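Visitor: coords please:
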Amino acid sequence: MEIKKTGNQKNTFSEDEMLMLSGIQHYAFCPRQWALIHIEQKWVENVLTVEGQYMHEKVEDPFFTESRGDFDIIRSLSLVSKNLGLYGKADVIEFIKTGKSEVNSIILPGKAGRWKPYPVEYKRGKPKPDACDEVQLCAQAMCLEEMYHIRLQKGFIYYGKTRHRHEVIFSENLRKLVAQYSVEMHRLFHEGITPPPEPKAGCRSCSLLDICLPEPLAEGMNAQKYNESVLSADI
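Guide: From the prediction side, this is the model:
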């Protein structure tokens, strides 16, 4: 499903219209999953979501800081973009000290010189064949750019399963994808629409599988009939 920006689409969003930045990863994976979580407020834990939350709890500890020479880390930095209508927090922002005339750098409170930021997102699994994780990191970068009036070239995703940092270049195509998803998310949220299911291999590991019912609903069976068929099979 694709929802295109209309001529009267707003260029900026108010505070009341902000959506969670982390949701763009859900949307990129599956618009229906995003709607079930962020519109219908449904959520179910499984082992994958618990492991992911445990990793983020360790990474996002605001009391753990690291600073050495020309390298500095800030954790759980609040992010916002009125252009995208998204808000959230970055897992980690790494700052590298640069020259005084370096463009796209900022001043850190209590620190001498200028610093260049690199957003770092932590994921429990391994690199995916699609851009789900990359769009979330790029959205964080676009928030930073709007907040500090800079332009960022790249960031990193650390995968717990491979214990490897994956470099992400914030290309124009990736930026356009972030902007497109944010428009689609706001349109669906405003209209209260939950998209129909589109069954795929990733459905099997989704914690919302039993709520979403992708295969029965895709085959035209409503939730009530599906439940009735399950109950009759158990008798």
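Visitor: all contacts plus neighbour counts: C-alpha atoms, from now on.
Guide: Fine.
Visitor: what domains does the record give for the chain?
Guide: Domain ranges of the chain: 15-195, 201-235, per automatic domain parsing.
Visitor: what does the longest helix anywhere in the chain contact?
Guide: Taking DSSP state H as the criterion, the chain has its longest helix at helix 172-191. Outside helix 172-191, the residues that touch it by CA atoms under 8 Å, 6 or more residues apart in numbering are 2-5, 19, 24, 27-28, 35, 39, 84-86, 134-136, 138-139, 142, 194.
Visitor: Strands of the chain, start to end?
Guide: For the chain, strands defined by DSSP state E occupy the ranges 19-20, 66-68, 71-81, 86-98, 114-123, 154-159, 164-169.
Visitor: how many other residues sit next to the residue found closest to His38 once you drop the neighbours it is linked to in the chain?
Guide: Spatial nearest neighbour of His38, excluding adjacent residues (CA to CA, 6 or more residues apart in numbering): Gly23 at 7.5 Å. Counted by other CA atoms under 10 Å, the residues lying close to Gly23 total 22.
Visitor: do the one 10 residues further on as well
Guide: Gln33 is surrounded by 28 other residues when neighbours are defined as other CA under 10 Å.
Visitor: distance of the residue nearest to it when sequence neighbours are not counted from Leu152?
Guide: Nearest non-adjacent residue to Gln33, counting by CA to CA, 6+ apart: His26, 6.4 Å away. Distance check for His26 against Leu152: by CA to CA, to the nearest Å, it reads 23 Å.
Visitor: wait, what's in contact with the residue nearest to Lys42 when sequence neighbours are not counted?
Guide: Using CA to CA, 6+ apart and skipping the chain neighbours, the partner closest in space to Lys42 is Leu36 (5.6 Å). Counting by CA under 8 Å, 6+ apart, Leu36 touches 42-43, 194, 212.
Visitor: Likewise for Cys143?
Guide: By CA under 8 Å, 6+ apart, Cys143 lies in contact with 79-81.
Visitor: could the residues you listed be laid out in a markdown table, adding pLDDT?
Guide: Putting these into a markdown table (pLDDT from 0 to 100) gives the following:
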| residue | pLDDT |
| --- | --- |
| Leu79 | 97 |
| Val80 | 97 |
| Ser81 | 97 |
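Visitor: In the longest helix of the chain, which residues are buried?
Guide: Within helix 172-191, the residues that qualify as buried are 174-175, 177-189, counting by 16 or more other CA atoms under 10 Å.
Visitor: just those residues now: which is nearest Phe95?
Guide: Of all those, Arg175 has the smallest distance to Phe95: 21.8 Å, by CA to CA.
Visitor: thinking again about what came up before, so which of the domains of the chain is the most packed in?
Guide: Of these, the one with the most neighbours on average (mean count of other CA atoms under 10 Å) is domain 15-195, at a mean of 17.
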